[in-house]
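>>> Sequence plus the predicted model coming up.
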Amino acid sequence: MEKNKTAEKYLTQTVTAKWDIIFGALVAVGVILFLVGWGWGYYFSIPAVFVGAAGFILARSQRVSDDDYQGLLDHILVDNRIEKTAKPGALMLTSYVMKDSRIARGIDRALRSDIYFMAEFGFGGGSCRIVTHTVDIAKATVAESRYTVPVAEKPRIEAETVETRLGPVTQSYLVFDNESIRLPVDTSSADVDEVMAKFGR
């Protein structure tokens, strides 16, 4: 239940919360009163700065950090005995799924969602064995799928624009047309190019 609450909070919070703005403005008013105030202005400036700063710190402390959310994902993987890295000789692709997911922008400005996708590619004997794990972070559940595709087949990248509460974002897929397999991928990762280079030989 606690994991669920942490995920829900992260997915619904905003980077610049209203209380950040309110308390930040209170600090600014206090500083202005201290610098240009007269008479009673000085008496109000110091309490305003202290209250604003304390409120700002408290508001930030109530927020779920990017590291907290990553830690939640890590715990789910450990609980389900799923390795974060590929086995020797294999390759791993990971990404947050943007389509049909709840999107959040982290404090580091990176986009994350409630669905995390992992695909491990193991090559040998003219074929590739793909093991995927789809992690629902909010529900703390994992779904596994397995595929086998010939190394001779060359996959392609397909991209589509999806609308989210944060505006339009791009969802990319690694597509194997002959097997009707579409795997969500993050094309900003060099690992995608490394995986594609293994096929079509």
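Nice, I can see it.

>>> Local confidence estimate at residue 115?
We have a pLDDT of 98 for residue 115.

>>> What of residue 42?
59.

>>> Kindly list the main-chain dihedrals of residue 6?
Backbone geometry at residue 6, expressed as degrees, to the nearest 10, gives phi -60, psi -50.

>>> burial measure for it, as a count.
Using other C-beta atoms under 10 Å, residue 6 is surrounded by 18 other residues. In short, each C-beta sits where N, CA and C put it, glycine included.

>>> what sits against it?
With contacts defined as C-beta atoms under 8 Å, 6 or more residues apart in numbering, residue 6 is in contact with 64, 68-69, 72.

>>> again with residue 8
residue 138.

>>> re the thing from before, now, the most widely separated pair of the contacts of residue 6?
Farthest-apart pair in these is 64 and 72; separation 8.6 Å (C-beta to C-beta).

>>> So residue 181 sits against residue 148, correct?
No: assessed by C-beta atoms under 8 Å, residue 181 is found out of contact with residue 148, at 10.2 Å.

>>> Give the intersection of the neighbour lists for those two.
Common contacts of residue 181 and residue 148 (C-beta under 8 Å, 6+ apart): residue 130.

>>> Neighbour count for the two, which is higher?
Set residue 181 next to residue 148 and count neighbours by other C-beta under 10 Å: residue 181 wins out with 18 against 10.

>>> how is the chain carved up into domains?
Annotated domains of the chain cover 18-61, 73-197 [automatic domain parsing].

>>> Just the buried positions in the helix or strand encompassing residue 5, please.
Here residue 5, judged by DSSP states H and E, is contained in helix 2-12. For helix 2-12, burial by neighbour count (16 or more other C-beta atoms under 10 Å) applies to 3, 6-7, 10-11.

>>> Give the residues shared as contacts by residue 64 and residue 72.
6, 10.

>>> Look up phi and psi at the closest residue to residue 90 other than its chain neighbours.
Spatially, and ignoring its direct neighbours in sequence, residue 90 is nearest to residue 122 (4.4 Å; C-beta to C-beta, 6 or more residues apart in numbering). Phi and psi for residue 122, reported as degrees, to the nearest 10, are phi -110, psi 120.

>>> who touches residue 122 in this structure?
Taking C-beta under 8 Å, 6+ apart, we find residue 122 in contact with 87, 89-90, 128-131.

>>> can you check residue 95 too?
Counted by C-beta under 8 Å, 6+ apart, residue 95 has contacts 116-117, 184-186, 189.

>>> host element of the most centrally placed residue in the chain?
By C-alpha atoms, centre = their mean, the chain has its centre lying nearest to residue 112, at 2.3 Å. Element membership of residue 112, judged by DSSP H and E, is strand 111-113.

>>> Point out the other helices and strands that that strand packs with.
In terms of contacts (3 or more C-beta pairs under 8 Å, 6 or more residues apart in numbering; DSSP states H and E), strand 111-113 is packed against strand 91-96, strand 103-105.
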